[in-house]
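# When you get a sec, could you give me coordinates for this:
(chains A and B)
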Protein chains: 2
Amino acid sequence: MASKIQPVKGTREFYPEQMALRNFIYEKVGAASRSFGYQEWDAPFIEPIDLYAAKSGEELVKKQSFTFTDRGGDFVTLRPELTPSLARMIAAKQGELTFPVRWWSFGPFWRYEQPQKGRSREFFQWNIDMLGVSSPEADAELIAVGATFLRSVGLNPGQATVYVNNRRLMDSEFDALGIPQEKRLEVSNMVDRRSKMESAKWDAYVLDSGLSQTQLDGLKNILADFDLWKKSDELVRLFAALEALGVKDYVKFDPNIMRGLLYYTGTVFEAFETSGSVKRAILGGGRYDNLLADVGGQPLSGVGFAMGDVVMGIVLQEKGLLPEFTPSPAPILVTIFDESLMQQSFSLSAELRRAGLNVLCYPEPAKLQKQFKFAAKMKARVVLTVGPDEAANAEVAVKNLINGGQVSVKREAVVSTIQNILASVIS
Amino acid sequence: MASKIQPVKGTREFYPEQMALRNFIYEKVGAASRSFGYQEWDAPFIEPIDLYAAKSGEELVKKQSFTFTDRGGDFVTLRPELTPSLARMIAAKQGELTFPVRWWSFGPFWRYEQPQKGRSREFFQWNIDMLGVSSPEADAELIAVGATFLRSVGLNPGQATVYVNNRRLMDSEFDALGIPQEKRLEVSNMVDRRSKMESAKWDAYVLDSGLSQTQLDGLKNILADFDLWKKSDELVRLFAALEALGVKDYVKFDPNIMRGLLYYTGTVFEAFETSGSVKRAILGGGRYDNLLADVGGQPLSGVGFAMGDVVMGIVLQEKGLLPEFTPSPAPILVTIFDESLMQQSFSLSAELRRAGLNVLCYPEPAKLQKQFKFAAKMKARVVLTVGPDEAANAEVAVKNLINGGQVSVKREAVVSTIQNILASVIS
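Model prediction:
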């Protein structure tokens, strides 16, 4: 009975302080999304495993998802990503929806990976997508939403950068090198791994995979060519739009950005914290133009990205960008003087709440000293007491915890007295 | 490939309109919780099955939860309720936390039950608890939070009522009838089922379970005695506090309220919609004083309740209390006149967003008529266009979709022009 049961490995407990961080990210994510007119939505958290079979990539579904058979015999999984659910929901209402569809979501996902810095098995993810438009300007808008978020949490372009590439550009470069179609995914994955390997080892690895020395040299030239974007009309238009959208300083072309998932077809991007303290991407996404057909819908263009809360949380913490934690949402504590005056305190609390104030009321008689100590721990600004004298005179003792001042005011003046004290804190 | 994959039975898809309902409930729940000074928190969504073994009741764990063995061999479950996670988290920091602890949460839960009106397998639940205080006034506070929520969504006491009972009161009545301790849970469950059975059948069922005719008659007397609360000091104090808290009109004593879960020890309560259109409780909770000891903590008093989003959503819908759905968070649409003027529209959008406005920008050149139609579907209030004339004169054409008026204003006057239009809508 009395043994402590630990949480499941890779899950997190959100005490109010951790919850405040999660909510801070959720609020900033929502504000950035809404500022571009995106609507909030969500999908189920458990989904049929078949939904992921097509495009999510073998590793994600077969090795990294929490799958199980439910009591009815259905083979289901805790969702490892959102895009397949998006595709299904859009396909189901494709005839009714007004395009372009702009949707965002923030919710839980699960991947059975080894927990490490920046990675947990149960995490929250921001997803945002635009559907029904194939323009590079739509790609630019999504990148601008990401940059707007980064700016809103206080990260400047020196601290966080969105690196952009384009699958079609790379495909034409790979064509020129004679890398066959069926090798492209493998080559993409090799490029993704390059920064984590020694140079000589990576070369050997590429040659082992069947590329020629000429192809390897050509590939390395491509990956070192930061002007390559000028060959891509899509990227030229993308950067022009980013300039007009006022976020160009957050974005750089980088031919090394590949993104392994099969479903990307055009522009791809990933944001990183630039100091390198967190090696994992802050956010990543791109254009996917074939996704709907795979779940039974008509072909439809899409572009979007996802951002996990774990890496973001670490970056904010390391940069000192987290707002100070407020222990209680209530700046006011009403004490209980004694049992005979308890109802006075309750009715005072109720009156203040009706006036729109958040109010803690001590829930039982206790020494006033203890109640004031509790008020201080909760970082209350104002403590109210109705003792026998105050009750007799229809007054309330108002203690200002910021400057230590105390006054007794008529009950009808309490709200305005409190509002004055609280206003003085804000200004 | 092209076959449609359906969602898992009992899960829900949240299109923006359904998401708005979920968010409406979340916001009202949060506002009620914060107005009493409660802090938001959350627990993992997957938990070890052992966590629920002790107190959740056999049925919940063994028959109704989504349990599975994860890839590491651990036996886990999608959380069917929050209280055991609360107990573990409080127990783990019992020495550091400042009591009374007031916590609330709103998140997903899963129960493998037959989906029906008011019940889904994946649902959201509001949980709110106070820990460290055993006073009836603490019970009253929790009931007052619930009543405050009901009032805040527009339900008056004629439409929704919180029914209250007390386990200790019932225990002393059961003592008087000579109903043995080990039969109490069974009797509670029988009382819970009474309203769903014919009277004669229920009588037979009770007698079959081993109670005597005298005990059955006594039990029926108790269940018909709506003045019974006067025998309970706890309930007398509870109702006095509810009166002072201004929510007495939402609360009634009802000896038929039992609540099956083993862990309740004192006051218990359930809220119902009074017309009977939805038979399931809106919310339910009570006092539990032994929970922490079961997960390895020191004994600690607690009181709390939970409210699911499914029943609440139906009640709001049936009573016509849902706010009108806003298709887009952005009241402004910026059109694209043509490709050559695209960047003008993007930079205008960016400027407005920096001024704090939510702005949709059309993401590609298209016929203006189509763009205006989109604006109307999104219920935008204002449409902005930068055509060749406007661009030449550093102006913007501002169309007021509410009254159909159109003006061209200097670019630096756009924000104030928009603000005036939007202000006229609100007033």
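# tell me which element the residue most central in space within chain A falls in.
Against the mean C-alpha coordinate of chain A, by CA atoms, centre = their mean, the closest residue is residue A:126 at 4.1 Å. Per DSSP states H and E: residue A:126 is located in strand A:122-131.
# and after that strand, which helix or strand comes next?
Counting by DSSP H and E, the next helix or strand C-terminal to strand A:122-131 is helix A:136-152.
# Name the residues of that next one that are buried.
For helix A:136-152, a neighbour-count test (16 or more other CB atoms under 10 Å in any protein chain shown) marks A:136-151 as buried. The way it works is simple: take the backbone N, C-alpha and C, and place the C-beta from them, glycine included.
# helices or strands up against that helix?
Helices and strands touching helix A:136-152, by 3 or more CB pairs under 8 Å, 6 or more residues apart in numbering or on different chains; DSSP states H and E, are helix A:16-35, strand A:122-131, strand A:160-166, helix A:233-244, strand A:267-273, strand A:283-288, strand A:302-308, helix B:342-354.
# hmm, 6 Å instead?
Contact here means 3 or more CB pairs under 6 Å, 6 or more residues apart in numbering or on different chains; DSSP states H and E; on that basis helix A:136-152 packs against helix A:16-35, strand A:160-166, helix A:233-244, strand A:302-308.
# Tell me the gap between it and the middle of its chain.
Put simply, helix A:136-152 sits 14 Å off its chain's centre (CA atoms, centre = their mean, to the nearest Å).
# Mind listing residues that contact that helix?
A:28, A:32, A:36, A:130, A:160, A:162, A:234, A:237-238, A:241-242, A:245, A:247, A:250-251, A:267, A:269, A:283, A:287, A:303, A:305, B:363-364 (CB atoms under 6 Å, 6 or more residues apart in numbering or on different chains).
# Going through these, which ones are buried?
A:28, A:32, A:36, A:130, A:160, A:162, A:234, A:237-238, A:241-242, A:245, A:247, A:250-251, A:267, A:269, A:283, A:287, A:303, A:305, B:363-364.
# hang on, the earlier thing: need the pLDDT of the residue nearest to the centre of chain A.
Looking at residue A:126, its pLDDT is 98.
# thought it was touching residue A:29?
Yes - when contacts are counted by CB atoms under 6 Å, residue A:126 is listed as touching residue A:29 (4.5 Å).
# joint contacts of those two?
Shared contacts of residue A:126 and residue A:29, counting by CB under 6 Å, 6+ apart, come down to residue A:106.
# In the stretch 51-200 of chain A, where is pLDDT below threshold?
For the stretch 51-200 of chain A, the stretches with pLDDT under 70 are A:54-60.
# bridging residues for the closest residue to chain B within it?
At 3.3 Å from chain B, residue A:68 is the closest residue in the stretch 51-200 of chain A, using CB to the nearest CB. Assessed by DSSP bridges, residue A:68 has beta-bridge partners residue A:76.
# I'd like the distance from it to residue A:43, if you could.
Distance of residue A:68 to residue A:43, computed by CB to CB, to the nearest Å: 18 Å.
# The two: which is more packed in?
Shown here are residue A:68 and residue A:43; by other CB atoms under 10 Å in any protein chain shown, residue A:43 has more neighbours (24 against 19).
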